[in-house]
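In: I would like to see how this sequence folds:
(chains A and B)
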Protein chains: 2
Amino acid sequence: MSKRVAGPEIERLIQLLAKVPGLGPRSARRAALHMIKKKEQLMAPLAGAMAEAVEKVRVCSNCGNVDTSDPCTICTDPRRDGAILIVVEDVADLWALERAGTMSARYHVLGGTLSPLDGIGPDQLNIRQLVARVAEGGVAEVILAVNATVEGQTTAHYLTDQLEGFEVKVTRLAHGVPVGGELDYLDEGTLAAALKSRTAF
Amino acid sequence: MSKRVAGPEIERLIQLLAKVPGLGPRSARRAALHMIKKKEQLMAPLAGAMAEAVEKVRVCSNCGNVDTSDPCTICTDPRRDGAILIVVEDVADLWALERAGTMSARYHVLGGTLSPLDGIGPDQLNIRQLVARVAEGGVAEVILAVNATVEGQTTAHYLTDQLEGFEVKVTRLAHGVPVGGELDYLDEGTLAAALKSRTAF
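Out: Reported below is the predicted structural model:
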């Protein structure tokens, strides 16, 4: 704002809110004002929840998930099938797969993909820990659920090499037509993969 | 999520974030994850700024603005012209006018518009205080910067009636073509108003 219209506390709140993904400078102001109007119903509990998360959330030393306990809720869930390990790039991918909700497996979060140009090599990712988990035994299948990008696929190939020699099946997600997708809008690579992996009707 | 993938603290954080305007359930998850990754740089300071705002922000008893001091920064700013009072519906409108930054006036925030169907009459708005401020003297002009909606205009008419009898000029914002706007996309009412209030080139 051109002139001071409020104390620095409100300006600071808006500036910090603008750094939250999904909010820009304009929506940060709207969000700040809304929260100021709903101080007791929204701002106070949200401030509390965030302070609690700052204090309690940690990275699971076993799988790389984020949770308030270490090992995390998933790693300690006895109803999950420990024989299947789904490898994902990011916690967001883990959450997405859990929303799909079809598999009751365990996870391993890499924390990114191999990207030599950005200085991200195997040691920057959670790979050694993955190999250690497989080496411990008990894992029958590793599903490489990395993104279908060049970096994701490069990482998948590297992981396959690393897991060679272990008694473990390494699989990856199927390529194909997204459910609800229209062929007309799909790229050639996806269509070619969908044709190649066609299934009996 | 279908199954518990994290402690209740993270779920609660996501649920509260989803109530912030501009964020939905999906972007709330993204925001939560981003903040968890930037705990020290973003989540901790934001939690602090919000807790501080909860404690310190109050409504200015003079003009209805929100600030950490009462009377607010604008009401106590000696460089502002107290003879001009800009009446707005909401603090967001005050902020918008301040961003335009052309007038160094004082404000009066109504807190809404007259809306009998919603049970909002003159007593639910900050109107008595406005009349009192004008009655005190020192105000030469009241600019009714209410929205160009039916409710806004109804409220403007009511305020004009209330301010009759005082030695004060009551004005309103000009109607016309928005700067950068294309005539083709404007409604007839705006174009008619812009024609009627045409100015010398």
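
In: tell me which stretches of chain A form strands.
Out: In chain A, the segments counted as strands under DSSP state E are A:58-59, A:66-67, A:81-88, A:105-109, A:141-144, A:169-172.

In: and those: which comes nearest chain B?
Out: Between chain B and those, the shortest gap by Cβ to the nearest Cβ is with strand A:66-67, which sits at 4.7 Å. C-beta coordinates here come from the backbone N, C-alpha and C atoms, glycine included.

In: tell me the strands beside that closest one, with direction?
Out: Applying DSSP bridges to the sheet, strand A:66-67 is found paired with strand A:58-59 (antiparallel).

In: circling back: mean neighbour count and mean pLDDT added to the strands of chain A, as a markdown table?
Out: Compiled in a markdown table, those are given as follows (neighbours: other Cβ atoms under 10 Å in any protein chain shown; pLDDT from 0 to 100):
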| stretch | mean neighbour count | mean pLDDT |
| --- | --- | --- |
| strand A:58-59 | 16 | 94 |
| strand A:66-67 | 24 | 94 |
| strand A:81-88 | 19 | 94 |
| strand A:105-109 | 24 | 95 |
| strand A:141-144 | 20 | 95 |
| strand A:169-172 | 15 | 94 |
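
In: nearest to residue B:25 among these would be which one?
Out: With Cβ to Cβ as the measure, strand A:66-67 is the member of these nearest residue B:25 (18.3 Å).

In: for residue A:18, give me its contacts.
Out: Residue A:18 makes contact with A:24-25, A:28, according to Cβ atoms under 8 Å, 6 or more residues apart in numbering or on different chains.

In: need the pLDDT of it.
Out: The confidence metric pLDDT takes the value 95 at residue A:18.

In: in the lowest-mean-pLDDT helix or strand in chain A, what counts as buried?
Out: Comparing helices and strands within chain A by mean pLDDT, DSSP states H and E singles out helix A:188-196 as the least confident, with a mean of 88. In terms of neighbour count (16 or more other Cβ atoms under 10 Å in any protein chain shown), helix A:188-196 has its buried residues at A:190, A:193-194.

In: and residue A:53, how far from chain B?
Out: Separation of residue A:53 from chain B (Cβ to the nearest Cβ, to the nearest Å): 5 Å.

In: for that residue, the count of nearby residues, please.
Out: Residue A:53 has 23 neighbouring residues, counting by other Cβ atoms under 10 Å in any protein chain shown.

In: show me the helices in chain A, by range?
Out: Residue ranges of the helices in chain A, as given by DSSP state H, are A:8-17, A:25-37, A:44-56, A:73-76, A:91-100, A:127-135, A:150-163, A:188-196.

In: by contact count, what packs against the shortest one?
Out: Using 3 or more Cβ pairs under 8 Å, 6 or more residues apart in numbering or on different chains; DSSP states H and E as the contact definition, the elements that helix A:73-76 packs against are strand A:105-109.

In: now do the fifth one
Out: Counting contacts by 3+ Cβ pairs under 8 Å, 6+ apart, the secondary-structure elements packed against helix A:91-100 are strand A:81-88, strand A:105-109, helix B:25-37.

In: near chain A, anything from the last one?
Out: Yes. Part of helix B:25-37 sits close enough to chain A to count as contact by Cβ under 8 Å from any Cβ of the partner chain, namely B:27-36.

In: which stretches of chain A have low pLDDT?
Out: Filtered on pLDDT under 70, chain A yields the residue ranges A:1-5.

In: at 50 what do you get?
Out: A:1-2 (pLDDT under 50).

In: how much space between the residue nearest to residue A:126 when sequence neighbours are not counted and residue B:179?
Out: Closest residue to residue A:126 apart from its sequence neighbours, by Cβ to Cβ, 6 or more residues apart in numbering or on different chains: residue A:64 at 4.6 Å. For residue A:64, the distance to residue B:179 (Cβ to Cβ, to the nearest Å) stands at 51 Å.

In: those two: which is more packed in?
Out: Taking other Cβ under 10 Å, residue A:64 and residue B:179 do not tie; residue A:64 has more neighbours (22 against 5).

In: mind listing what the more buried one touches?
Out: By Cβ under 8 Å, 6+ apart, residue A:64 lies in contact with A:91, A:108-111, A:126, A:129.

In: phi, psi of residue A:101?
Out: Main-chain dihedrals, residue A:101, degrees, to the nearest 10: phi 70, psi 30.

In: that one: neighbouring residues, count only.
Out: Neighbours of residue A:101 using other Cβ under 10 Å come to 10.

In: on that earlier part again, which of the buried residues of helix A:188-196 lies closest to chain B?
Out: Of all the buried residues of helix A:188-196, residue A:190 has the smallest distance to chain B: 23.1 Å, by Cβ to the nearest Cβ.

In: so the closest one sits against residue A:182, correct?
Out: No. The criterion here is Cβ atoms under 8 Å, and residue A:190 misses it with residue A:182 at 11.7 Å.

In: surely residue A:10 meets residue B:66?
Out: Yes. Contact criterion Cβ under 8 Å: residue A:10 and residue B:66 qualify, at 7.3 Å.

In: overlap in contacts of those two?
Out: Shared contacts of residue A:10 and residue B:66, counting by Cβ under 8 Å, 6+ apart, come down to A:36, B:57.

In: buried ones only from the residues of helix B:25-37 next to chain A, please, as a ChimeraX command.
Out: The following ChimeraX line selects those of the residues of helix B:25-37 next to chain A that are buried, judged by 16+ other Cβ under 10 Å:
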select /B:27,28,29,30,31,32,33,34,35,36
